[in-house]
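Chemist: Give the three-dimensional model of this entry:
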Amino acid sequence: MNEALDYLRTSPVAGLLLTLVAYRIGVRIRRATGNHPLAQPVLIAVALVGLALWALRIDYDDYMIGGSLIHFLLGSATVALAVPLHRQAHHLKELFVPMAVAIPVGAFVSVSFGILVVRMLGGDHALQMTMAPKSATTPIAIAIAESAGGIPSLVAVFTIVAGMLGAVAGPTVLTLIRVRDRRARGLALGSVSHGIGTSRALHEDATEGAFAGLSMGLTALVTCLAVPLVVHLVG
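Modeler: Presented below is the predicted three-dimensional model:
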């Protein structure tokens, strides 16, 4: 029995299987609850994987040997978001000016808010640079944090939390403030909750998901420019 557990703790297959099973359970729970906003498969999967790692005493580095296989596929999945966007290409000309204004403004507000809140609470420069790129997709947020003097492992946590909060609360908040246009809803979700929010938007509507994917990519690009500029402006 001990030998079997030792094998599970170090086998890449265990990490891969654990991730897939946890996410599948999350999908089933979402369906069972009638697509309740709190029943996000990613949120459920994170909780289940964390509990399993703790119960089986599996080191995170050992888990990521298998988990990295899924991480590798994220690039392909992100590129695949271009497919629904291409199908909605006829809407792009109509929204070019609003997107050219809203996405940069949103990115600058997000970066500035992250830095200033940490500063007001007494956080140091490293923590400020860790919070600044939280609205960019995780790989880009990590790269920005590394170059700006942040903490890469912590920015991944902040980014995932931002994505989950946006995916859970975003659609409800947009409905409460009467944002009905699927394109605008997608742009909002993609800009603040990146991949996880885009997944939720795709589940809601194809048009909403397409614009969330576009917003996610553009927000990541603008965030790369916004972080050093905001740091310069706020000192």
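Chemist: C-alpha from now on. contacts and neighbour counts both.
Modeler: Noted.
Chemist: Give me the domain ranges for the chain.
Modeler: Using automatic domain parsing, the domain parsing of the chain gives 2-74, 83-234.
Chemist: Let me have these in TSV, extended by mean neighbour count.
Modeler: Shown next, in TSV, are those (neighbours: other CA atoms under 10 Å):
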stretch	mean neighbour count
domain 2-74	16
domain 83-234	20
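Chemist: and those domains as JSON lines, adding mean pLDDT?
Modeler: Output for these, formatted as JSON lines (pLDDT from 0 to 100):
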{"stretch": "domain 2-74", "mean pLDDT": "79"}
{"stretch": "domain 83-234", "mean pLDDT": "83"}
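Chemist: Skipping adjacent residues, who's closest to L189 in space?
Modeler: Leaving aside its sequence neighbours, L189 sits nearest to G197 (CA to CA, 6 or more residues apart in numbering; 5.4 Å).
Chemist: for the one helix or strand the one you found maps to, packing partners?
Modeler: Assessed by DSSP states H and E, G197 sits inside helix 182-204. Packed against helix 182-204, as judged by 3 or more CA pairs under 8 Å, 6 or more residues apart in numbering; DSSP states H and E, are the following elements: helix 96-120, helix 152-176, helix 206-234.
Chemist: what separates it from the chain centre, distance-wise?
Modeler: On the basis of CA atoms, centre = their mean, to the nearest Å, helix 182-204 sits 10 Å off its chain's mean C-alpha point.
Chemist: Can you give the contact residues for that helix?
Modeler: 42, 78, 103, 106-107, 135-137, 159-160, 162-167, 170-171, 174, 179, 205, 207-216, 219 (CA atoms under 8 Å, 6 or more residues apart in numbering).
Chemist: Over to stretch 137-146?
Modeler: By CA under 8 Å, 6+ apart, stretch 137-146 touches 129-130, 132-135, 151-153, 155-156, 159-160, 193-195, 216-217, 220, 224.
Chemist: re earlier: in JSON lines, list the helices and strands packed on helix 182-204 along with distance to I29.
Modeler: As requested, the helices and strands packed on helix 182-204 are exported to JSON lines (distance: least, CA to CA, whole Å):
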{"stretch": "helix 96-120", "distance to I29": "32"}
{"stretch": "helix 152-176", "distance to I29": "14"}
{"stretch": "helix 206-234", "distance to I29": "22"}
